[in-house]
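Peer 1: only the shape, not the letters, is given here:
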Ligand SMILES: Nc1ncnc2c1ncn2[C@@H]1O[C@H](COP(=O)(O)OP(=O)(O)OP(=O)(O)O)[C@@H](O)[C@H]1O
């Protein structure tokens with residue numbers, strides 16, 4: 001069984017990444033480094049380039065210039081499944097699973113780690129059955145880590161919105177990632193669901209030693225969870241630092257509140 005969680009995750013380094021869509025520069029020389037085991041938030045106003053940056057990190061978008069490396073391995077030209085196999089898993093902003101049970105969805109997440117071939121699985125050879133049992137046990141553990149243990153056999157369609165979003169998180173964890181990319185993990189949730197998800201992400205980071213890259217508009221969550229924050233505006237990195245540093249940065253206040261703004265709570 002794959003166990004990538006016993007060693008510290010490698011450094012994820014984003015260097016001078018530029019992405020252009022026709023005439024629009026969505027990312028313009030973006031650089032930041034995600035330290036092993038840290039939570040690194042990527043924030044910025046609408047259209048700042050956060051999702052584009054996630055798409056570059058996960059291989060859905062090829063930059064016109066710049067590189068992304070994970071522990072020295074360049075990810076920039078790899079297909080999404082190769083990047084996932086190297087230990088970079090992501091959740092999506094809007095995709096919320098509605099088919100099958102929680103267990104079914106988590107086992108789909110384990111699929112990429114299966115060693116047994118199609119024939120061995122179809123013939124139910126002992127090695128394939130054993131492997132399947134191990135994957136199921138790990139999927140159950142991950143359901144526990146994400147607060148879904150009591151819903152393991154529940155159809156996803158019957159879960160609350162917050163629980164369904166956490167199925168998406170659990171499915172990504174089933175890849176045993178070393179770097180987890182969370183795209184707006186609490187979007188659309190109520191206050192209780194947000195608090196629960198924040199708790200889960202904090203526990204995951206502590207328990208699994210993952211690095212987390214977080215895109216989130218909920219500044220309370222960012223301030224609570226992030227070790228480092230990179231702020232984008234119109235595709236350019238305008239600030240970098242701890243949550244406290246960036247929330248006081250005049251450039252950040254300007255980007256969020258407009259010229260000459262001086263509000264304390266902008267970031
Ligand atoms: N496939 C695309 N084709 C053309 N333009 C795009 C494409 N994807 C993104 N853009 C543009 O690139 C810019 C950055 O978009 P992006 O979605 O990365 O921003 P964002 O910070 O994630 O915004 P939001 O917070 O609203 O999700 C925007 O101007 C957007 O319209």
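Peer 2: Sure thing, it's come through. Because the structure is a prediction, the values reported are computed rather than measured. Numbers count the residues shown, from 1 in each chain.
Peer 1: which of the three states applies to residue 47?
Peer 2: Here residue 47 is coil, with the state taken from DSSP: H, G, I helix; E, B strand; the rest coil.
Peer 1: all strands for the stretch 151-267 of the chain, in order.
Peer 2: In the stretch 151-267 of the chain, the segments counted as strands under DSSP state E, counting those that start in this stretch are 179-183, 211-215, 228-233, 236-241.
Peer 1: only the buried residues of the third one, if you could.
Peer 2: By neighbour count with 16 or more other C-beta atoms under 10 Å, strand 228-233 contains the buried residues 228-233. (Glycine included, C-beta is placed from N, CA and C.)
Peer 1: using a markdown table, please lay out the strands of the stretch 151-267 of the chain together with mean pLDDT.
Peer 2: Converted to a markdown table, the strands of the stretch 151-267 of the chain look like this (pLDDT from 0 to 100):
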| stretch | mean pLDDT |
| --- | --- |
| strand 179-183 | 94 |
| strand 211-215 | 95 |
| strand 228-233 | 95 |
| strand 236-241 | 95 |
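Peer 1: I'd like those strands as JSON lines, with distance to the ligand appended.
Peer 2: Shown next, in JSON lines, are these (distance: least, C-beta to the nearest ligand atom, whole Å):
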{"stretch": "strand 179-183", "distance to the ligand": "8"}
{"stretch": "strand 211-215", "distance to the ligand": "7"}
{"stretch": "strand 228-233", "distance to the ligand": "7"}
{"stretch": "strand 236-241", "distance to the ligand": "11"}
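Peer 1: out of those strands, nearest to residue 9?
Peer 2: Relative to residue 9, the nearest member of these by C-beta to C-beta is strand 211-215, separated by 4.6 Å.
Peer 1: what pairs with the closest one, parallel or antiparallel?
Peer 2: strand 39-43 (parallel), strand 179-183 (parallel) (DSSP bridges).
Peer 1: any part of the first one near the ligand?
Peer 2: No - shown here: strand 39-43 not in contact with the ligand (C-beta under 6 Å from any ligand atom), separated by at least 8.3 Å.
Peer 1: how close does residue 64 sit to the ligand?
Peer 2: 13 Å (C-beta to the nearest ligand atom, to the nearest Å).
Peer 1: for residue 85, that is, sorry about that
Peer 2: Counting by C-beta to the nearest ligand atom, the gap from residue 85 to the ligand is 25 Å.
Peer 1: report pLDDT for that residue.
Peer 2: For residue 85, the pLDDT comes out at 90.
Peer 1: just give me the neighbour total for the nearest residue in space to residue 135 that is not next to it in sequence.
Peer 2: Nearest residue to residue 135, sequence neighbours excluded (C-beta to C-beta, 6 or more residues apart in numbering): residue 110, at 4.2 Å. By other C-beta atoms under 10 Å, 22 other residues sit near residue 110.
Peer 1: next one: residue 28
Peer 2: Using other C-beta under 10 Å, residue 28 has 18 neighbouring residues.
Peer 1: tell me the contacts of the nearest residue to it once chain neighbours are set aside?
Peer 2: Nearest non-adjacent residue to residue 28, counting by C-beta to C-beta, 6+ apart: residue 235, 4.4 Å away. Counting by C-beta atoms under 8 Å, 6 or more residues apart in numbering, residue 235 makes contact with 19, 25-28, 30, 48-49, 52.
Peer 1: chain neighbours aside, what residue packs nearest to the residue positioned nearest the centre of the chain?
Peer 2: Residue closest to the average C-alpha location in the chain (C-alpha atoms, centre = their mean): residue 181, at 1.7 Å. Spatial nearest neighbour of residue 181, chain neighbours left out: residue 90 (3.7 Å); criterion: C-beta to C-beta, 6+ apart.
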